[in-house]
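**Student:** Just to be clear, the model below is a prediction. Sequence and coordinates:
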Amino acid sequence: MTVVLTWKWGTKYGAGHVAKLQAGVARHLKREHRFLCVTDDPRGLDCQTVGIPDPALLKVDDGCYARLRMFDPIWQAQIGATDILCLDLDMVIVGDIGPLLEHDDPFRILIGGHFNPCRVNGSVMHIKAGAVPQVWSDFTVEEARRVARKDGSYRGTDQTWIAHKLPNCAGWTHKDGIYGFGKPGWPGHLPAGARIVAFPGSKDPATVKEAWVREHWR
């Protein structure tokens, strides 16, 4: 079964963010699916939850690598997933997201749409069970640190590692209906054909007062 999965830890996002994302998915994904929250604090959540499998990876220097466990076939089997659609909590689902999953690629991820020079954006990812397991099996903190520093700077995040392991992976852009609010490709209003609006960086849909946010983020 398709598992629509989100991650919640720390205090930035609350149970309300999870509930609104779950409701948006329910309205706009017609295929059979199960919604799952991977979290260190299930209090107040009205959905299926599972604990974070690698809490030590939540904070590595200034980055986080815990979500890489999604590429582990053993963990995929434990949560009963034929495929995983991973969505960040700062998402507003505004249209049918089913077509985003209708492709033959083993893995897809949002391309660009943020300020980070990394090619990929981990806000939206789709992993088919058993595909690209090397993203997890080859991971070590030491190697991830080397990759993060290879250009003389430090950009240590899971998306940096994914870009390193899958440099030519397929992905979506705003042309597929996934937009980053205020980021490249955003026209300044909710465009026709939009499916998902992400709020990468410091923005949060809870603080945006535009009418389309109030309509869809509920």
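**Tutor:** Arrived safely, thanks for sending. Numbering: from 1, shown residues only.

**Student:** switch to C-alpha atoms for all contacts and neighbour counts from now on
**Tutor:** Fine.

**Student:** residue ranges for the helices of this structure, please.
**Tutor:** Listed in chain order, the helices of the chain (DSSP state H) span 15-28, 73-78, 134-137, 141-148, 158-165, 211-216.

**Student:** just checking, what packs against the second one?
**Tutor:** If contacts are counted by 3 or more C-alpha pairs under 8 Å, 6 or more residues apart in numbering; DSSP states H and E, helix 73-78 sits against no helix or strand.

**Student:** at 10 Å instead, please
**Tutor:** Here helix 73-78 touches strand 83-87, strand 120-128, going by 3 or more C-alpha pairs under 10 Å, 6 or more residues apart in numbering; DSSP states H and E.

**Student:** Dump those strands into a markdown table; add distance to residue 185 and mean neighbour count as well.
**Tutor:** Shown next, in a markdown table, are the helices and strands packed on helix 73-78 (distance: least, C-alpha to C-alpha, whole Å; neighbours: other C-alpha atoms under 10 Å):
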| stretch | distance to residue 185 | mean neighbour count |
| --- | --- | --- |
| strand 83-87 | 20 | 23 |
| strand 120-128 | 14 | 23 |
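
**Student:** Now render these as CSV, adding mean pLDDT and distance to residue 177.
**Tutor:** Output for the helices and strands packed on helix 73-78, formatted as CSV (pLDDT from 0 to 100; distance: least, C-alpha to C-alpha, whole Å):
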stretch, mean pLDDT, distance to residue 177
strand 83-87, 98, 15
strand 120-128, 96, 12
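
**Student:** The helix or strand bottoming out on mean pLDDT in the chain pairs with which strands?
**Tutor:** Least confident helix or strand, the chain: strand 178-180 with a mean of 93, by mean pLDDT, DSSP states H and E. Within its sheet, strand 178-180 is paired with strand 196-198 (parallel), according to DSSP bridges.

**Student:** So what sits opposite residue 92 in the bridge?
**Tutor:** With DSSP bridges as the rule, residue 92 is bridged to residue 197.

**Student:** Would you check that my belief about it contacting residue 216 is correct?
**Tutor:** Yes: with contact defined as C-alpha atoms under 10 Å, residue 92 reaches residue 216; the gap is 6.6 Å.

**Student:** Residues in contact with the least confident helix or strand of the chain: which ones?
**Tutor:** With C-alpha atoms under 10 Å, 6 or more residues apart in numbering as the test, strand 178-180 has contacts from 91-95, 97, 100, 110-114, 123-124, 172-174, 185-187, 190-191, 193-201.

**Student:** can you do 6 Å?
**Tutor:** The contact list for strand 178-180 (C-alpha atoms under 6 Å, 6 or more residues apart in numbering) reads 113, 195, 196, 197, 198, 199.
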